[in-house]
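Student: fold the following.
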Amino acid sequence: MLSPRQELILGKVVQVHLDGGQPVASKTLAADPDLRAGPSTIRNELALLEEHGLLAHPHTSAGRVPTDAGYRYFVDRLLPVRQVSLELSLIRREIDDAMRATTETLSQVTNLLAIVTAPPVETASIKHVEVLLLQPQVVMVVVITSTGGVTKRVLPFEEPVDAGLVSWAGEYLNEQLRGIGLGARMLAKRLDDPELNATERRFVAQLAPAFTELAETAESSLYVDGAARLLAEHRVQDLSQINALMGMLEQRVTLLGALAVALASPDVLVRIGAENELPELRSLAMVAAGYGLPSRRLGAVSLVGPVRMDYGTAISTVREASRQLSRFVSDVYES
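Tutor: Coordinates of the predicted model:
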């Protein structure tokens, strides 16, 4: 545990380093009226903080910079509570548009890499079905989900399909499947109705994959924005950081796994440098939070950038985005 003066000095070093990006010298700190200590006292405290592993010397004659542990101490104990004004404008948007708008806004506000995962498709239910005869032997099934998602499947047939049968199938499938979850077990049972005649049962069975395989083949949607902005702003300068960042974005499954950790966290999750399990993230920092319904987390919103980031803004922005997305999906799923 640090003394109050050591905490004050550590906080000053972190803030000055965040602002300028350069090592912080004891002379700079001695000129700060908040510290009320001479250069020799400050140098001694800096040395003790270095012994604790919270500060490091980039060069022998240079000032100090925070270590990953120093940033962690700052985030956990010294970071002042900050409120941010974030307007995501999610009203009347479909899920896809809302995720994209969130990602773009987060990146613009923070100049960091924003990554948002959409709710998995199996959490949605069927809202409407259209069965269309495209050609005499080609039928298209369109499924509209409760989240606004639209999928289509084109099915070829060996013989011409009766237009009346197609029209009946559209009405029947809407009656049977409306409100049923894409991942629900009863979906397949609803399609196997013994009261249908042989022709109707055979036709419904041929259309069934458009529904039963939808949740199985769909991948979690991942929305990313800000990589170019992050590099253009020179926020990531080290070549190894750039390589790690690009490598992480290329590995979709790996990235989804990293964000899944946030779903189990009750509040904003902060991983700094070596705290990240993924090698691609160990020279970076991630701030993430889950969002969703009161009974279930559906996705995650996150910011990724250099360890030298404005954690106060990043944490507050992610927390507010999580709150607004949770309210948005609650309205969508309950409507």
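
Student: does residue 321 touch residue 101 like I think?
Tutor: No: with contact defined as C-beta atoms under 8 Å, residue 321 does not reach residue 101; the gap is 10.4 Å. Quick note: C-beta positions are derived from backbone N, CA and C, even for glycine.

Student: mind listing the shared neighbours of these two?
Tutor: Counting by C-beta atoms under 8 Å, 6 or more residues apart in numbering, the common neighbours of residue 321 and residue 101 are residue 88.

Student: between the two, which is the more surrounded one?
Tutor: Neighbour totals were compared for residue 321 and residue 101, and residue 321 leads with 25 against 17 (other C-beta atoms under 10 Å).

Student: so how far is the helix or strand where that one lies from its chain's centroid?
Tutor: Element membership for residue 321, per DSSP states H and E: helix 311-334. The gap between where helix 311-334 is centred and where its chain is centred comes out at 11 Å by C-alpha atoms, centre = their mean, to the nearest Å.

Student: and that helix, what does it pack against?
Tutor: helix 95-110, strand 284-293, strand 296-306 (3 or more C-beta pairs under 8 Å, 6 or more residues apart in numbering; DSSP states H and E).

Student: mean confidence score for that helix?
Tutor: Computed over helix 311-334, the mean pLDDT rounds to 90.

Student: residue 28: which of the helices and strands packed on helix 311-334 is closest?
Tutor: Of all the helices and strands packed on helix 311-334, strand 296-306 sits nearest to residue 28, with 21.5 Å by C-beta to C-beta.

Student: circling back: so for residue 65, which of the helices and strands packed on helix 311-334 sits nearest?
Tutor: Nearest of the helices and strands packed on helix 311-334 to residue 65, taken as C-beta to C-beta: strand 296-306 at 12.3 Å.

Student: okay, now residue 59: neighbour count?
Tutor: Residue 59: 7 neighbours (other C-beta under 10 Å).

Student: and this protein, what are its domains?
Tutor: Following automatic domain parsing, one finds the domains of the chain at 4-78, 95-120+220-334, 122-217.

Student: so which of those domains is the most surrounded?
Tutor: domain 95-120+220-334 (a mean of 19; mean count of other C-beta atoms under 10 Å).

Student: that one: how far from the chain's middle?
Tutor: Distance of domain 95-120+220-334 from its chain centroid, counting by C-alpha atoms, centre = their mean, is 4 Å.

Student: tell me how far the closest residue in space to residue 178 that isn't next to it in sequence lies from residue 193.
Tutor: In this structure, residue 178 finds its nearest non-sequential neighbour in residue 126, 6.0 Å apart by C-beta to C-beta, 6 or more residues apart in numbering. Between residue 126 and residue 193 the computed distance is 16 Å (C-beta to C-beta, to the nearest Å).

Student: just to revisit the earlier point, quick check: angle from the helix holding residue 321 to strand 284-293?
Tutor: 30 degrees (axes from the mean of the first three to the mean of the last three C-alpha atoms, to 10 degrees).

Student: looking at the helices and strands packed on helix 311-334, spot the one closest to residue 6.
Tutor: The closest of these to residue 6 is strand 284-293. By C-beta to C-beta, the value is 23.0 Å.

Student: identify the neighbouring strands of that closest one in the sheet and state each direction.
Tutor: Sheet pairing for strand 284-293, assigned by DSSP bridges, gives strand 269-272 (antiparallel), strand 296-306 (antiparallel).
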